[in-house]
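Need a 3D model of the following:
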Amino acid sequence: MALTKDQIAAYLADPWTCPFCGSGQNGEVEPLSGEEGEYEEMFTDGQEVYGHKHCTACGKSWRDYYKLHDIEEEDADG
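Numbering: from 1, shown residues only. Here you go, the predicted model:
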């Protein structure tokens, strides 16, 4: 089942709420872990990253995609 535009918009507004069932108030949405228990991320083309998430309430899993859109220099103090 594909997500509707409304479901996608609601998820983008709150990415710790499941886009499929709406759960998330009690920590049901979690990053899927890699073999070493770390948040699994992969660079797809040097500018995009995706991370896997899972909802323990409904059992659905999905990918969040991130795209580099800007860069900002930090001063010497961080």
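
Please identify the helix or strand for the closest residue to Leu3 other than its chain neighbours.
Spatial nearest neighbour of Leu3, chain neighbours left out: Pro19 (5.6 Å); criterion: CB to CB, 6 or more residues apart in numbering. Every residue, glycine included, has its C-beta placed from N, CA and C. Under DSSP states H and E, no helix or strand contains Pro19.

From Tyr65, how far off is Pro19?
Distance, Pro19 to Tyr65, using CB to CB, to the nearest Å: 13 Å.

more neighbours, these two?
Pro19 (22 against 10; other CB atoms under 10 Å).

Strands of this structure, start to end?
29-31, 41-43, 48-55, 61-67 (DSSP state E).

For Gly24, which residues are in contact?
Asp14, Trp16, Thr17, Cys18, Cys55 (CB atoms under 8 Å, 6 or more residues apart in numbering).

My understanding was that the residue nearest to Leu3 contacts Ile8; is that so?
Yes. Counting by CB atoms under 8 Å, Pro19 touches Ile8, with 6.7 Å between them.

which strand residues sit across from Pro31 in the sheet?
Residues in a beta bridge with Pro31, per DSSP bridges, are Lys53.

Output the below-cut-off pLDDT ranges for this structure.
Counting by pLDDT under 70, the chain contains low-confidence residues at 1, 33-47, 78.

Geometric centre of it: which residue is closest?
The structure's the chain has its C-alpha centroid closest to Asp64; by CA atoms, centre = their mean the separation is 3.8 Å.

For that one, which non-adjacent residue is spatially closest?
According to CB to CB, 6+ apart, the nearest residue to Asp64 is Gly51 (5.0 Å).

Would you mind confirming that that neighbour makes contact with Tyr66?
Yes. With contacts counted by CB under 8 Å, Gly51 reaches Tyr66, the gap being 7.5 Å.
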